[in-house]
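Chemist: Provided below are the primary sequence and the corresponding predicted coordinates.
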Amino acid sequence: MAIANWGRFIVRAEIHSSSDSVVSYGFDLTESSIFVVTEWHAAIGTPVTVRLSFPKILEPTDVPARIGDIRVAGEPGEPGGIRLVFDTSSQDIREKLVSLLERVNAPITTTAAENRPCRVLIVDDSWLIRDMFTYGTAKFFERPGALAVDHAEDAERAWGKLARSTYDLVIIDYFLPTEDGASLIARLRSDERLSHTPIVAISVGGRDAREATLSAGADVFVDKPLIFRDLFNTLRMLAEGPGPSRQAAERKAILVFDDSPFALALTRAALESAGFSVAIAGDLTSFESQCAAFNPDLILVDVQMPEAFGDDVALTLRRWRGVEIPILLVSSLDPNELARRAQRAQASGYICKGAGMSELVRRCRELLEVAHDG
Amino acid sequence: MMDDLLAKFLPQFLAHTRTRVATAIASTAQRDRAAVAKTINELHTVAGEAGLLGLTDVFPLVRDCEQKAKRLRETSAESDVEVLLAALHHLEQVIEGVATPGQPRDDRATPAR
């Protein structure tokens, strides 16, 4: 087992002393200490409690500690902060830290290759950051396709992508044109469907940007210039690690194509509450991009749409794109007509909208062989 | 699960559908031949949405209106205008019945042929 990555990942760090509370982030986590990026400091030896967390990776864990060292900011990539030395007299705390550290360096299992990719949306108006991120992740991850990276250059485009798809993590720059990152984070947190999405805020804005994005609901704030290695290690834990982080991404994925926004919202709500991961498309352009980015296990396609007939879409996927996953036509057309169209399109079957959502969910479960436990 | 979905999505469905049906009634009453195709599309959408929501009273009525609108598109006959208008008004009443469940429901849910 290589040890190069030990502790080189990012966690949220909340420091509570007898007089202050500070929220920031930490890295360089070892069994005995962590480095926390912060302008706050107290005398060396001051006792504190640090709560470490990261959504889907590390449940909030309170660790008693004391300030062991103070470092002023140096070169880019050497932020200022304090090293906290843990009081590891508690067996429980020691075991949690060791378990966490083992997870980051756990070898990639063979079954991981069958897992769905960890889907990340990076919202940054800098093409350089977006390109570096894409290049870096392609080089960093040993398993091709472990990470699927999507981009948006402003809040509005990001919101459009978030509305159509599901992401395991969203990385949001604070300084965005028109609407800033904090506002986008607040929108995410107030949306019922998206409110639990893990969010990492990034910025060159320092303390102001950190306070604004954390107040808006970001899980972690990371200063630019980014230490890509640490961020990628965090992503690796989301993407490759065992445990709860993979549960969401391992759900069967269904792409729904319908020109009715209402039907899309309703279908998504029903399928998500049934335990599926769902992406939606309301037009051909969106459908094309979702097919490529979302990597669905099943496609549901409406028949009568302004841009195309769903049976023509299905036939094109089958005949010209070599798509082999199940495709279902979904329509309020007469069942005989629908059956004829499904057969012509080489679809896996059809669902009459008149049969209701319960039937639609049942057919999806049946096709994907997902057990119904509720 | 469906109860939760119905509670969440029914108000939105009713709002959209009232507008769509009112627009269809207005354009049909004005004998706006150019609007028939749009009426057909709108009714088709409403049918799908009602079906997915499990509104079993509404779904066949909307499908019936859609068929009558298609017939009007083919014939442009005055008699078919009247038939479609009657079906749309009936649909309008049934939708109001769904919106106010305390009220007596229209028992003519089976579409007239």
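Modeler: Yep, it's here.

Chemist: Can you show me the CA trace of the helix or strand residue A:96 falls within as CSV?
Modeler: Following DSSP states H and E, one finds residue A:96 within helix A:91-104. This file holds the C-alpha atoms of helix A:91-104, laid out as CSV (Å, rounded to 0.1, in the frame of the first residue of the first chain):
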residue,chain,number,x,y,z
GLN,A,91,-9.8,4.7,21.8
ASP,A,92,-12.9,5.6,19.9
ILE,A,93,-11.4,8.8,18.4
ARG,A,94,-8.2,6.9,17.5
GLU,A,95,-10.1,4.2,15.7
LYS,A,96,-12.2,6.8,13.7
LEU,A,97,-9.0,8.6,12.6
VAL,A,98,-7.2,5.4,11.6
SER,A,99,-10.3,4.2,9.7
LEU,A,100,-10.5,7.4,7.8
LEU,A,101,-6.9,7.4,6.9
GLU,A,102,-7.0,3.8,5.8
ARG,A,103,-9.9,4.6,3.5
VAL,A,104,-8.1,7.3,1.6
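
Chemist: any idea which helix or strand comes after that helix?
Modeler: strand A:118-123.

Chemist: Please enumerate residues in contact with that following strand?
Modeler: Around strand A:118-123, the neighbours that count as contacts under CB atoms under 8 Å, 6 or more residues apart in numbering or on different chains are A:129-130, A:133, A:137, A:146-155, A:158, A:161-162, A:165-173, A:176, A:181, A:184, A:235, A:238-240, A:249, A:293-294. The C-beta positions use only the backbone N, C-alpha and C, and glycine is treated the same way.

Chemist: Let's see that with 6 Å instead.
Modeler: Defining contact as CB atoms under 6 Å, 6 or more residues apart in numbering or on different chains, one finds that strand A:118-123 is touched by A:130, A:133, A:147-152, A:158, A:167-172, A:238-239, A:249.

Chemist: which ones are touching residue A:80?
Modeler: Neighbours of residue A:80 in contact, by CB under 6 Å, 6+ apart: A:71, A:72, A:73.

Chemist: Just the buried ones among the residues you listed, please.
Modeler: Neighbour counting over those (16 or more other CB atoms under 10 Å in any protein chain shown) leaves no buried ones.

Chemist: okay, these in JSON lines with pLDDT and secondary structure next?
Modeler: As requested, the contacts of residue A:80 are exported to JSON lines (pLDDT from 0 to 100; DSSP: H, G, I helix; E, B strand; the rest coil):
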{"residue": "A:71", "pLDDT": "85", "secondary structure": "strand"}
{"residue": "A:72", "pLDDT": "83", "secondary structure": "coil"}
{"residue": "A:73", "pLDDT": "77", "secondary structure": "coil"}
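
Chemist: just curious, which of the residues you listed is nearest to chain B?
Modeler: When the contacts of residue A:80 are ranked by distance to chain B (CB to the nearest CB), residue A:73 comes first, at 49.2 Å.

Chemist: Just the CA atoms of stretch A:25-32, as CSV, please.
Modeler: Taking C-alpha atoms only, stretch A:25-32 is exported to CSV below (Å, rounded to 0.1, in the frame of the first residue of the first chain):
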residue,chain,number,x,y,z
TYR,A,25,-10.9,23.6,6.3
GLY,A,26,-8.0,21.3,7.0
PHE,A,27,-5.7,18.9,5.3
ASP,A,28,-2.5,17.0,6.2
LEU,A,29,-4.6,14.8,8.5
THR,A,30,-2.6,12.2,10.4
GLU,A,31,-3.4,10.0,13.3
SER,A,32,-2.0,12.7,15.6
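
Chemist: if I look at residue A:230, how far off is chain B?
Modeler: 41 Å (CB to the nearest CB, to the nearest Å).

Chemist: Near the nearest residue to residue B:33 once chain neighbours are set aside, how many other residues are there?
Modeler: With CB to CB, 6 or more residues apart in numbering or on different chains as the criterion, residue B:33 has its nearest non-adjacent residue at 6.2 Å, and that residue is residue B:76. Residues lying near residue B:76 (other CB atoms under 10 Å in any protein chain shown) number 12.

Chemist: and what of residue A:92?
Modeler: So residue A:92, with other CB under 10 Å, has 8 neighbours.

Chemist: Tell me which residue of chain B lies closest to chain A.
Modeler: residue B:51 (3.5 Å).

Chemist: right, and the helix or strand after the helix or strand containing that residue?
Modeler: Assigned by DSSP H and E, residue B:51 belongs to helix B:36-53. Later in the chain than helix B:36-53, the nearest helix or strand by DSSP H and E is helix B:58-75.

Chemist: Can you tell me which of the contacts of residue A:80 is nearest residue A:96?
Modeler: Proximity of the contacts of residue A:80 to residue A:96 (CB to CB) peaks at residue A:71, which lies at 25.6 Å.

Chemist: I'd like the distance between the closest one and residue A:234.
Modeler: 21 Å (CB to CB, to the nearest Å).

Chemist: One more: residue A:210?
Modeler: Residue A:210 is 17 Å from residue A:234, where distance means CB to CB.

Chemist: Count the neighbours of the residue nearest to residue A:268 when sequence neighbours are not counted for me.
Modeler: Excluding the flanking residues, the one nearest residue A:268 by CB to CB, 6+ apart is residue A:278, at 4.6 Å. Counted with other CB under 10 Å, the neighbours of residue A:278 add up to 26.
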